[in-house]
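Student: Based on what follows, work out the 3D shape:
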Amino acid sequence: MSHSFKFQAVSFSWVAVHPQPKGVVQFIGGTFFGSLPTLFYRYFLQQLFEEGYTVVALPFRFTFRHWPIAIGLLKEQEILRTELTTIAQRLGYESEIYQEPSSYFWVGHSLGCKYIALLEFLSDDRYPNIVDKFCDRADYERIQRLIENLGIDRPFN
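Tutor: Next comes the predicted model:
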């Protein structure tokens, strides 16, 4: 059965909600292509959708300050988890999957892979100890402040 592949704006991302999702693929593109992922990666994202995944394309503004962008993507992920549930329920689609952290997968290209590495790092329970050990104090405090300002306890992956 063919389902309609169509992106809709949700928060700062683009989402194609599958009616019977196997999971959620969160895609983060490359340096310049990542700012318009639904255009530059459309064929690839459509293939993921056709395989049964809800697809989230996370655009980002290019900058050399990668920590704030990664932490902003973390906040976006938290918002999307709630929004995807609401959208699925409104459409009469399965919605429980959106509350399961194990249903989410990150896929990236180029700089998107660096952001995924930072998101994976932040999802580990040990990240505060590692940041404290390997970063200077000012960087550690800046990262902690950025995360605390998100209003979430801990990232999930």
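Student: Sticking with the nearest residue to residue 135 once chain neighbours are set aside, tell me its helix or strand.
Tutor: Among residues not flanking residue 135 along the chain, residue 143 sits closest, at 7.2 Å (CB to CB, 6 or more residues apart in numbering). (Each C-beta comes from the backbone N, C-alpha and C, glycine too.) In the assignment (DSSP states H and E), residue 143 maps to helix 137-150.
Student: Check what contacts the helix or strand bottoming out on mean pLDDT in the chain and list those residues.
Tutor: The helix or strand of the chain with the lowest confidence, counting by mean pLDDT, DSSP states H and E, is helix 127-134 at a mean of 73. Contact partners of helix 127-134, identified using CB atoms under 8 Å, 6 or more residues apart in numbering, comprise 121, 124, 139, 140, 143, 144.
Student: Between those, which sits nearest residue 113?
Tutor: Proximity of those to residue 113 (CB to CB) peaks at residue 121, which lies at 12.6 Å.
Student: Just checking the distance from the helix or strand containing residue 75 to the centre of its chain.
Tutor: According to DSSP H and E, residue 75 maps onto helix 66-91. In terms of CA atoms, centre = their mean, to the nearest Å, the centre of helix 66-91 is found 7 Å from the chain centre.
Student: helices or strands next to that helix in the packing?
Tutor: strand 8-10, strand 13-16, strand 23-28, strand 53-57, helix 111-123, helix 137-150 (3 or more CB pairs under 8 Å, 6 or more residues apart in numbering; DSSP states H and E).
Student: Which strands or helices does the fifth one pack on?
Tutor: Think helix 111-123. strand 23-28, helix 66-91, strand 104-108.
Student: By mean pLDDT, show me the worst of these.
Tutor: Lowest mean pLDDT of the helices and strands packed on helix 111-123: helix 66-91, a mean of 89.
Student: ok so, going back, other SSEs contacting the helix holding residue 143?
Tutor: So helix 137-150, by 3+ CB pairs under 8 Å, 6+ apart, packs with helix 66-91, helix 127-134.
Student: Could I get these in CSV, plus columns for mean neighbour count and distance to residue 116?
Tutor: Formatted as CSV, these follow (neighbours: other CB atoms under 10 Å; distance: least, CB to CB, whole Å):
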stretch, mean neighbour count, distance to residue 116
helix 66-91, 17, 9
helix 127-134, 13, 15
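Student: Any idea which of the ones you listed gets closest to residue 26?
Tutor: helix 66-91 (6.8 Å).
Student: So what angle separates the directions of the closest one and strand 53-57?
Tutor: Here helix 66-91 points in a direction 140 degrees away from that of strand 53-57 (axes from the mean of the first three to the mean of the last three CA atoms, to 10 degrees).
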